[in-house]
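# Here is my input; please provide its structure:
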Amino acid sequence: MPGVPSSKGCDACRRVKKKCDELKPCSRCRRLQILCIGSGQQRFKFKNTESGLTKMTQAEPRRTRAVISPATTVANSFQILMQIPGDKLAALFANTLANTDVRYDITYYGVFLKEIPRRLGHSVALDASVKAVVTAYPYFRHQNFGADAYMEYCNSLRALRESLNDPVQARSLDTLCAVYLISICQSWLGRYDDKLKSHGEAIAHLLKITDLRKCKSSFEKEMIVTLTVPVILEAVINPRIQMDSKWWDDVTRRFSGAPRPRNADPPQSSSTLSTFANLPEWIRHPDPHIPEIAAVYLTMRDDAEKMRRYLDRWSNVASNSFTDPAAVNHCRHQAGYTLVITLALILNTLLRAFDPTNTFLTAESLSFCSEMIREAEAACRYRPLGAAYVALCLVVGCSAAEDPHQLARLQALLADYSTDFKEIDWIERIMWLRACFYSHHLRAQLNLNSANYSEVDGRLLDTAWHEQNSRPESCSVM
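Numbers count the residues shown, from 1 in each chain. Modelled structure (predicted):
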């Protein structure tokens, strides 16, 4: 039996019980810069009766109605948007995963994505994020996004916010996976706002509150390990991400595999997850860790040399198609090699700050930058997804390069690669990281003690970074 509510306010104002002026968009939504839906619309409220329709609904298959179970905290108006069979959504996502073109293969973001279809139908946030990805993916290939892609992206944010407000759902691995998928979708859409931070902080927060003891399946373990990588990389340039050392010890103890043998074929980095987890701390406070940094640098330099010799065997790969296994393997090994020389360049720059007269380190720095330029130029054929890692490597290269010709070429390449994913302000990150490296160099030259370190850092770090830290510490989810 229908009733007629008196309010014609938008969904956002009604949800928080605020008065809405019913403009399109309303003043509150325009001020908060959020999507305004339903302003000025008459609504009807239906009461449950034992009608034939109700009985038919109660007889629906369980997997179809799982996403709108009474246990969820999502508003009824949004539940209607999500009433699609779980098997249909799973089929759409599986079809997206079936694309083996290395330029658009989304398993680049993690092999655990292949396990997501069987997990659908139990989490509103995960289902909404998957729907956003499968809706945006066809547009992503042509960079001409339709209104439905933006709408599903906004719907996924709404569902995720509701899940984060639920103490149980907030700790769910499905919610953590939803944040990751939404960050992927955001990078495609290029919906970046300087006032809103990336999802790395949200992922870091959810990782902290996740009970790692409950992560027993291969999907859960692979997801945790995969998601720690973007957190580490963002922590390098974002001091707000502070992961407790005990947490890293727990992750590496539970999920890290054994180090690869030094003579493995094909060669890969022999460094472990725990080594990578030290990078943010080493970049900020390298002084107590110089011997350890030097040891890891020598290992990483040797690994890079073996990986380069292996890549040199792939001289004829350019003739292969983008779905050919040879092209896929070449793309993966090229990415691994470029990331290793990027991390080695970071360690090299830290060591040179405390030993500026070391001609060997200087020569190796020039070599790493040259290799980075060469690989960035060669990886262009795999853009966008097959070369999505290159922009981050170029940021490090621009931060560490001292040769003006190399720096100019690295900057030109970064400007070109930045057009693939427009949501990140790479220049701001270069300025902060370069200032951080220079502060170590200047402090070592002046032989300053730790008490004066923050004073020097405060003069050197770019003003834009301090302005950025004064903005709201939240991404578009939190």
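
# Give me the domain ranges for the protein.
Domain ranges of the chain: 1-47, 86-248, 278-469, per automatic domain parsing.

# Tell me the predicted confidence for Y389.
For Y389, the pLDDT comes out at 89.

# Please name the residues that touch the nearest residue to it once chain neighbours are set aside.
Of all residues not flanking Y389 in the chain, A335 sits nearest, at 5.3 Å (Cβ to Cβ, 6 or more residues apart in numbering). Yep, even glycine has a C-beta here, placed from its N, CA and C like the rest. A335 makes contacts with 379, 386-387, 389, as judged by Cβ atoms under 8 Å, 6 or more residues apart in numbering.

# Give me the buried positions along the helix or strand containing A335.
In this structure, A335 sits in helix 325-354 according to DSSP states H and E. Buried residues in helix 325-354, defined by neighbour count with 16 or more other Cβ atoms under 10 Å: 327-328, 330-354.

# next helix or strand past that helix?
Following helix 325-354 toward the C-terminus (DSSP H and E): helix 359-378.

# how distant is that next one from the center of its chain?
In this view, helix 359-378 has its centroid 26 Å away from the chain centroid, taken as Cα atoms, centre = their mean, to the nearest Å.

# and if you look at stretch 176-187?
In terms of Cα atoms, centre = their mean, the centre of stretch 176-187 is found 7 Å from the chain centre.

# and if you look at stretch 8-20?
Relative to its chain's centre, stretch 8-20 lies at 32 Å (Cα atoms, centre = their mean).

# Quick one: end-to-end length of it, please.
Distance across stretch 8-20, first residue to last, is 8 Å (Cα to Cα, to the nearest Å).

# I'd like the average pLDDT over it.
Rounded mean pLDDT across stretch 8-20 is 79.

# Show me which residues of it are buried.
Buried residues in stretch 8-20 (16+ other Cβ under 10 Å): 9-14, 20.

# Can you pick out the most distant pair from these?
Using Cβ to Cβ, those span at most 9.5 Å, a distance reached by D11 and C20.

# any weak-confidence spans in the stretch 201-350 of the chain?
Along the stretch 201-350 of the chain, the parts satisfying pLDDT under 70 run over 237, 239, 256-265, 267, 315-320.

# What segments of this protein are strands?
Shown for the chain, the strands assigned by DSSP state E span residues 2-3, 45-46.

# Can you give me the separation between A132 and G190?
For A132, the distance to G190 (Cβ to Cβ, to the nearest Å) stands at 14 Å.

# quick one, which of these two is more surrounded?
A132 (29 against 14; other Cβ atoms under 10 Å).

# Name the nearest residue to Y382, ignoring sequence neighbours.
In space, Y382 is closest to C331, 5.0 Å off (Cβ to Cβ, 6+ apart).

# List the contacts of that neighbour.
Neighbours of C331 in contact, by Cβ under 8 Å, 6+ apart: 102, 379, 382, 386-387.

# F421 now?
187-188, 190, 384, 388, 391.

# so how far is A387 from it?
F421 sits 11 Å away from A387, going by Cβ to Cβ.

# overlap in contacts of the two?
Joint contacts of F421 and A387 (Cβ under 8 Å, 6+ apart) do not exist.

# Next step: the contacts of C331 restricted to helices.
Among the contacts of C331, DSSP state H puts none in helices.

# Mind picking the two most distant members of those?
For the contacts of C331, with distances taken as Cβ to Cβ, the pair at the greatest spread is V102 and A379 (10.6 Å).

# who touches both of the two?
With Cβ under 8 Å, 6+ apart, V102 and A379 have common neighbours 331, 386.

# ok, which stretches of the stretch 201-350 of the chain are helices?
Using DSSP state H, counting those that start in this stretch, the helices of the stretch 201-350 of the chain run over 218-235, 245-255, 273-277, 279-284, 290-311, 325-354.

# and those as TSV, adding distance to R429?
Shown next, in TSV, are those (distance: least, Cβ to Cβ, whole Å):
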stretch	distance to R429
helix 218-235	9
helix 245-255	23
helix 273-277	18
helix 279-284	12
helix 290-311	21
helix 325-354	13
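
# Please compute how far stretch 328-342 lies from its chain's middle.
In terms of Cα atoms, centre = their mean, the centre of stretch 328-342 is set 19 Å apart from its chain centre.

# Ok, stretch 113-122 next?
Computed by Cα atoms, centre = their mean, the chain-centroid distance of stretch 113-122 equals 20 Å.

# Only C-alpha atoms, please: export it in PDB.
Only the C-alpha atoms of stretch 113-122 are listed here, as PDB (Å, rounded to 0.1, in the frame of the first residue of the first chain):
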ATOM      1  CA  LEU A 113      41.300 -10.600  -9.400                       C
ATOM      2  CA  LYS A 114      40.500 -13.900 -11.100                       C
ATOM      3  CA  GLU A 115      38.900 -15.200  -7.900                       C
ATOM      4  CA  ILE A 116      36.500 -12.200  -7.400                       C
ATOM      5  CA  PRO A 117      33.600 -13.600  -9.600                       C
ATOM      6  CA  ARG A 118      33.000 -16.500  -7.200                       C
ATOM      7  CA  ARG A 119      32.900 -14.000  -4.200                       C
ATOM      8  CA  LEU A 120      30.100 -11.800  -5.600                       C
ATOM      9  CA  GLY A 121      26.600 -11.700  -4.200                       C
ATOM     10  CA  HIS A 122      27.700 -11.300  -0.500                       C
END
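
# Same list, the domains of the chain, but as CSV with distance to R254 please.
Below are the domains of the chain laid out as CSV (distance: least, Cβ to Cβ, whole Å):
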stretch, distance to R254
domain 1-47, 39
domain 86-248, 6
domain 278-469, 18
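
# Out of those domains, which gets nearest to S271?
Checking these against S271 by Cβ to Cβ gives domain 278-469 as the closest, at 6.3 Å.

# on that earlier part again, so V102 and A379 - more neighbours on which side?
Legend: neighbour count by other Cβ under 10 Å for V102 and A379, higher for V102 (25 against 22).

# ok, and the closest non-adjacent residue to the more buried one?
G386 (4.4 Å).

# ok, now P356?
H441 (6.7 Å).

# okay, how far is it across stretch 279-291, tip to tip?
Stretch 279-291 has an end-to-end distance of 14 Å (Cα to Cα).

# buried stuff in that stretch?
Under 16+ other Cβ under 10 Å, the buried positions of stretch 279-291 are 279-283, 286.

# what's the answer for stretch 357-367, then?
Of the residues in stretch 357-367, 361-362, 364-365, 367 count as buried by neighbour count, 16+ other Cβ under 10 Å.

# re earlier: quick one: the contacts of F421 as a markdown table, columns for distance to R213 too.
Below are the contacts of F421 laid out as a markdown table (distance: Cβ to Cβ, whole Å):
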| residue | distance to R213 |
| --- | --- |
| S187 | 32 |
| W188 | 34 |
| G190 | 38 |
| P384 | 38 |
| A388 | 33 |
| A391 | 36 |
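
# Buried subset of these as a PyMOL selection?
To isolate the buried members of the contacts of F421 in PyMOL, using 16+ other Cβ under 10 Å:
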select buried, resi 187+188+384+388+391
